[in-house]
Structures are given as structure tokens and as C-alpha cells.
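Q: Quick one, fold the following:
(one chain, ligands or ions: 1)
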Amino acid sequence: MDIIFLHELKVKTLIGIYPWELKVAQTIQLDLEIALPTSQACQTDNFEDALDYALIVQRIQQVLSERHFSLLEALAEHIAQTILLEFKSPWVKVSVAKLSAIRGVKKVGVRIERTSCGH
Ligand SMILES: Nc1nc2c(c(=O)[nH]1)N=C([C@H](O)[C@@H](O)CO)CN2
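A: Modelled structure (predicted):
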């Protein structure tokens, strides 16, 4: 399985269960592993055969600028489904963390794995 990884992508978004979190955007950190639908780009060296990781970053930034999620779990699920459906990836691992949300904890978050076939 060939994978594109994105580490420590930081995005400001509205996230959280408390009323103040509806108004104040917070920085979250995303780490993603995205299985590629084909390994063709490895052989051809053609950009047309590659999954453009810049487009993935743009799409994540767009989603997170438009939506408010209450839970990190729901945000992670939405990002995972977007990548599976729109970028035809067969498998994805998404980690989402809040930075300094809890006193004494550097990062707190969730990590999920999803496949396009649902198992
Ligand atoms: N399992 C979760 N627990 C909590 C979440 C969450 O998204 N998933 N969120 C909060 C609050 O929004 C908190 O992060 C505010 O600082 C609390 N617990």
C-alpha cells in the first residue's frame, strides 16, 4: 500500500462543545495517512498519475473554514469520508488534536481509521 502522509497540518476552525467555542476559532493539528488508489505515479513520474497532496490540504482547509463541529470525533469522520470519496483513497488514518485545550496536556485528540468499503 502506497501512502501520502501529511504531518502537523495546523488549521484554525470553530470546534467544541462549549458556547464560547462557537465564536472563537481554535487551532487544531491534523496528521493524515492516505492510501493511494494506484501506484502508477511511481512508475511513470507523471503528475497526472499522482494524487495532488496540495489539493487535499486545500480541501481540508475549505471544509474547516465552512463548518463548526462540536466533537473532534465528528470532525475526523468528516475529513476521513471526504478523502475516501473525493480522492478515491481506499484507506485513511486521520488524527485531530487540540493544542493546550487541557491544562498540563500538550495535545489531546482522536485518531480514526476508515476504509472505502466500510470495514
Ligand atoms: N471525546 C471528546 N471529549 C471532549 C471533546 C471532544 O471533542 N471529544 N471536546 C471537549 C471541549 O470542546 C474541550 O476541548 C474544550 O476545551 C471536551 N471533551
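Q: Neighbours of the residue of the chain found nearest the ligand, how many?
A: For the chain and the ligand, the shortest gap (C-beta to the nearest ligand atom) falls at residue 16, measuring 3.3 Å. For glycine as for every other residue, the C-beta is placed from the backbone atoms N, C-alpha and C. By the other C-beta atoms under 10 Å criterion, the neighbourhood of residue 16 contains 18 residues.
Q: Over to the one 3 residues further on?
A: By other C-beta under 10 Å, the residues close to residue 19 number 7.
Q: hang on, the earlier thing: from residue 88, how far out is the residue of the chain closest to the ligand?
A: The gap separating residue 16 from residue 88 is 32 Å, by C-beta to C-beta, to the nearest Å.
Q: Now residue 85, what are its backbone angles?
A: phi -80, psi -50 (degrees, to the nearest 10).
Q: ok, and the closest non-adjacent residue to it?
A: In this structure, residue 85 finds its nearest non-sequential neighbour in residue 116, 7.9 Å apart by C-beta to C-beta, 6 or more residues apart in numbering.
Q: That'll do, ta.
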